[in-house]
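**Q** need a structure here:
(chains A and B)
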Amino acid sequence: MRITCPLCGERDRREFTYQGAALALSRPDERASPEVWDDYLHNRDNPAGKTRDLWYHDPCGAWLVVERDTTTHEIFSATLASEVKR
Amino acid sequence: MSLSGMDSAVLCCFSRAMRYSGFRVFLEGLRGQTGWTPVWRDPEPKPEYDIVLIGGGGHGLSTAYYLAREHGLTNVAVLEKGYLGGGNVGRNTTIVRANYFLPGNSEFYSHSLKLWEGLEADLNYNVMHSQRGLINLFHSDGQRDAFARRGNAMINQGDDAVLLDREGFRRHLPYLDFDNPRFPVYGGLLHPRGGTARHDAVAWGYARGADRRGVDLIQQCEVTGIDIEAGRVTGVQTTRGAIRAKKVGIVVAGRSGQVAAMAGMQLPVESHILQAFVTEGLKPIINHVVSFGMGHFYISQSDKGGLVFGGDLDFYSSYAQRGNLPMAEHVMEAAMTLMPAIGHAKVLRSWGGIMDMSPDGSPVIDKTHVDGLYIDCGWCYGGFKAVPASGFAFAHLIAQDRPHETAARFRLDRFRTGVGLMDEEGTGSQHNLH
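**A** Predicted coordinates:
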């Protein structure tokens, strides 16, 4: 599995750390209900197929939103999380 | 009476019951193995059942078996999209143990081990359960204290544990690298009743037991929808037609997310890949199950002689049933660190399973927000040893609408409330930490 970091180019999977569903970019308001926080912290779509998750590129420190397929390990795209969030 | 005449007379009464015994094996040897019949039926799905279980893996089959045996419920169907036992129960490292620490897990796995110990007689099926002992290594004084505490918890639960010092340990496992500079072996916690079992046989034994009690095991039947009317489950849609049911149990491990979504649910589960490896067959060298926690590595030797070992998750969500090289490399490095002799063995093959990882690393056996719909999931990488007790508890929940005492803490709402979390590793109740 190789991921193309927008800053560094195509790199080996060993350089990246998986941080879970890209859901982490949409943090609820701190006054949101326990159900909303439960969904954010625990409940997952957990798709078999196309997914979006957060990866950290250890050497350059970039947070990436990676689109990939959980059934084939194919990587479609990697975008800086800062750009996705904007 | 001629020999063949006697054979037929004896076999006649044996075939009806299809009981297995040494005598039966001997007789079949005499008559060219011609008397064996299919072990379970291949029934067409009926239009309606009292209970439909989605998933014909270890947990689904044991649930069906205990529904019939413990609760007399036999108007039950197990729906399997592939073939029986083709998922994680056929893709694990076969370890059976009861060395948990926290209330909730402790009593549950203790119960499971007791069921394992009576399983072969109960099922009349050789599941090759071998209590060869399981040893967890420690490498520092602090780790020794932690394992002493765990051992005491195991003894308090009524199970067995022996704290071995370095020399006691060396008698059991002389081939380890005791003087490794980074991880010198200080000793180990021996769990004598731990061991292994034959993975496929567990599924087959439960399948046969359930089938003989009247449960329909329906293969090549994928559930495509769950029917719900006014908050109550009424049946399922499948690739082989609609099936009505009063109660439905979801027990599909790594595929829990997809099946639960059919009932409008999102689960606290992420599916991850866990790899395992086996070497070519070797003469006996490893008598126990050895767990080297610092390297996330564990190993045992199968009855065929292959060294069966594995490591940690690849740590990204995956349904591919195969992993990537970085973790394979890590596992091999850990193996060489622990027992350099393993470098001479050749790896024959590797495989991966889809682990239904929960945030706290412990499972769920609970009702859902839909009446008559139940879920059994979140087994992480520890589902194999849980097969008997999970089926026992899930059958109890479905039959009686209240949890069995051994699984009462496996609640779905514990993540939302924060009450009763069972974070065995103490790393936090969040995804990607276990």
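
**Q** for chain B, what's the longest helix?
**A** In terms of residue count, the longest helix belonging to chain B (DSSP state H) is helix B:105-123.

**Q** what packs against that one?
**A** On a contact count with 3 or more C-beta pairs under 8 Å, 6 or more residues apart in numbering or on different chains; DSSP states H and E, helix B:105-123 meets helix B:199-212, helix B:387-400. C-betas here are computed from N, CA, C, even on glycine.

**Q** flag every buried residue along the first one.
**A** Okay, so that is helix B:199-212. B:199-212 (16 or more other C-beta atoms under 10 Å in any protein chain shown).

**Q** now render those residues as CSV, adding pLDDT and distance to chain A.
**A** Formatted as CSV, the buried residues of helix B:199-212 follow (pLDDT from 0 to 100; distance: C-beta to the nearest C-beta, whole Å):
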residue, pLDDT, distance to chain A
B:H199, 95, 23
B:D200, 96, 24
B:A201, 97, 29
B:V202, 98, 26
B:A203, 98, 22
B:W204, 97, 27
B:G205, 98, 30
B:Y206, 98, 26
B:A207, 98, 25
B:R208, 97, 31
B:G209, 97, 31
B:A210, 98, 28
B:D211, 98, 30
B:R212, 96, 34
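
**Q** could those residues go into JSON lines alongside distance to B:N88?
**A** Output for the buried residues of helix B:199-212, formatted as JSON lines (distance: C-beta to C-beta, whole Å):
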{"residue": "B:H199", "distance to B:N88": "9"}
{"residue": "B:D200", "distance to B:N88": "12"}
{"residue": "B:A201", "distance to B:N88": "15"}
{"residue": "B:V202", "distance to B:N88": "11"}
{"residue": "B:A203", "distance to B:N88": "10"}
{"residue": "B:W204", "distance to B:N88": "15"}
{"residue": "B:G205", "distance to B:N88": "17"}
{"residue": "B:Y206", "distance to B:N88": "14"}
{"residue": "B:A207", "distance to B:N88": "15"}
{"residue": "B:R208", "distance to B:N88": "20"}
{"residue": "B:G209", "distance to B:N88": "20"}
{"residue": "B:A210", "distance to B:N88": "18"}
{"residue": "B:D211", "distance to B:N88": "21"}
{"residue": "B:R212", "distance to B:N88": "24"}
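
**Q** identify, from the residues you listed, the entry nearest to A:P59.
**A** B:H199 (40.5 Å; C-beta to C-beta).

**Q** the strands in chain A, which residues?
**A** Secondary structure of chain A (DSSP state E): strands at A:2-5, A:9-12, A:16-21, A:50-57, A:62-69, A:75-80.

**Q** looking at those, which is nearest to chain B?
**A** When the strands of chain A are compared by C-beta to the nearest C-beta, strand A:16-21 sits nearest chain B, at 4.1 Å.

**Q** check contacts around whichever residue of chain A sits closest to chain B.
**A** The minimum distance from chain A to chain B, using C-beta to the nearest C-beta, falls at A:N46 (3.3 Å). With contacts defined as C-beta atoms under 8 Å, 6 or more residues apart in numbering or on different chains, the neighbours of A:N46 are B:256-258, B:267, B:269-271, B:317.

**Q** do B:M355 as well
**A** Here B:M355 is in contact with B:88, B:253-254, B:271-274, B:313, B:379-381 (criterion: C-beta under 8 Å, 6+ apart).

**Q** show me where pLDDT drops low in the chain?
**A** Picked chain A for this. Filtered on pLDDT under 70, chain A yields no residues whatsoever.

**Q** wrong one, chain B
**A** Using pLDDT under 70, chain B drops low at B:1-17.

**Q** recalculate using a threshold of 80.
**A** Chain B contains residues with pLDDT under 80 at B:1-18.

**Q** give me the most central residue, it.
**A** Of all residues in chain B, the one closest to the mean position by C-alpha atoms, centre = their mean is B:F384, 1.4 Å from it.

**Q** skipping its backbone neighbours, what lies nearest that residue in space?
**A** Nearest residue to B:F384, sequence neighbours excluded (C-beta to C-beta, 6 or more residues apart in numbering or on different chains): B:N92, at 4.4 Å.

**Q** again, but for B:S112
**A** B:A389 (3.3 Å).

**Q** go on, B:P326?
**A** Spatial nearest neighbour of B:P326, chain neighbours left out: A:R14 (5.0 Å); criterion: C-beta to C-beta, 6+ apart.

**Q** hang on, that neighbour packs against B:A328?
**A** No. At 11.9 Å, A:R14 does not count as touching B:A328 under the criterion of C-beta atoms under 8 Å.

**Q** which residues are in contact with both of those two?
**A** Counting by C-beta under 8 Å, 6+ apart, A:R14 and B:A328 have no contacts in common.

**Q** list the contacts for B:G194?
**A** Counting by C-beta under 8 Å, 6+ apart, B:G194 touches B:95-99, B:131-134, B:289.

**Q** just those: which are in strands?
**A** Mapping the contacts of B:G194 onto strands (DSSP E) picks out B:95-96, B:134, B:289.

**Q** out of those, who's nearest chain A?
**A** Nearest to chain A among the ones in strands among the contacts of B:G194 is B:I95, at 25.6 Å by C-beta to the nearest C-beta.

**Q** so that closest one makes contact with B:V290?
**A** No. B:I95 sits out of contact with B:V290 when judged by C-beta under 8 Å, with a separation of 10.6 Å.

**Q** more crowded one of the two?
**A** Counted by other C-beta atoms under 10 Å in any protein chain shown, B:I95 and B:V290 do not tie: B:V290 has more neighbours, with 24 against 20.

**Q** who does that one bridge with?
**A** B:I135, B:I299 (DSSP bridges).

**Q** mind listing what it touches?
**A** Per C-beta under 8 Å, 6+ apart, neighbours of B:V290: B:134-135, B:137, B:173, B:176, B:298-300, B:338.

**Q** which residues of the stretch 1-150 of chain B fall in strands?
**A** All strands of the stretch 1-150 of chain B, identified by DSSP state E, counting those that start in this stretch, fall at B:48-54, B:76-79, B:95-96, B:134-138.

**Q** could you find the closest non-adjacent residue to the residue in the stretch 51-200 of chain B positioned nearest to chain A?
**A** Nearest residue of the stretch 51-200 of chain B to chain A, counting by C-beta to the nearest C-beta: B:K81, 12.4 Å away. Leaving aside its chain neighbours, B:K81 sits nearest to B:E222 (3.6 Å; criterion: C-beta to C-beta, 6+ apart).

**Q** isn't that neighbour up against B:Q237?
**A** No. Judged on C-beta under 8 Å, B:E222 makes no contact with B:Q237 at a distance of 9.8 Å.

**Q** ok, back up a step: which residues touch the residue nearest to the centre of chain B?
**A** B:58, B:88-89, B:92-96, B:197, B:199, B:202.

**Q** before we move on, back to that, near chain A too, which of the contacts of B:M355?
**A** Near chain A, judged by C-beta under 8 Å from any C-beta of the partner chain, the entries from the contacts of B:M355 are B:S271.

**Q** mind putting the contacts of B:M355 into JSON lines with secondary structure?
**A** Compiled in JSON lines, these are given as follows (DSSP: H, G, I helix; E, B strand; the rest coil):
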{"residue": "B:N88", "secondary structure": "helix"}
{"residue": "B:A253", "secondary structure": "helix"}
{"residue": "B:G254", "secondary structure": "helix"}
{"residue": "B:S271", "secondary structure": "strand"}
{"residue": "B:H272", "secondary structure": "strand"}
{"residue": "B:I273", "secondary structure": "strand"}
{"residue": "B:L274", "secondary structure": "strand"}
{"residue": "B:L313", "secondary structure": "strand"}
{"residue": "B:W379", "secondary structure": "coil"}
{"residue": "B:C380", "secondary structure": "coil"}
{"residue": "B:Y381", "secondary structure": "coil"}
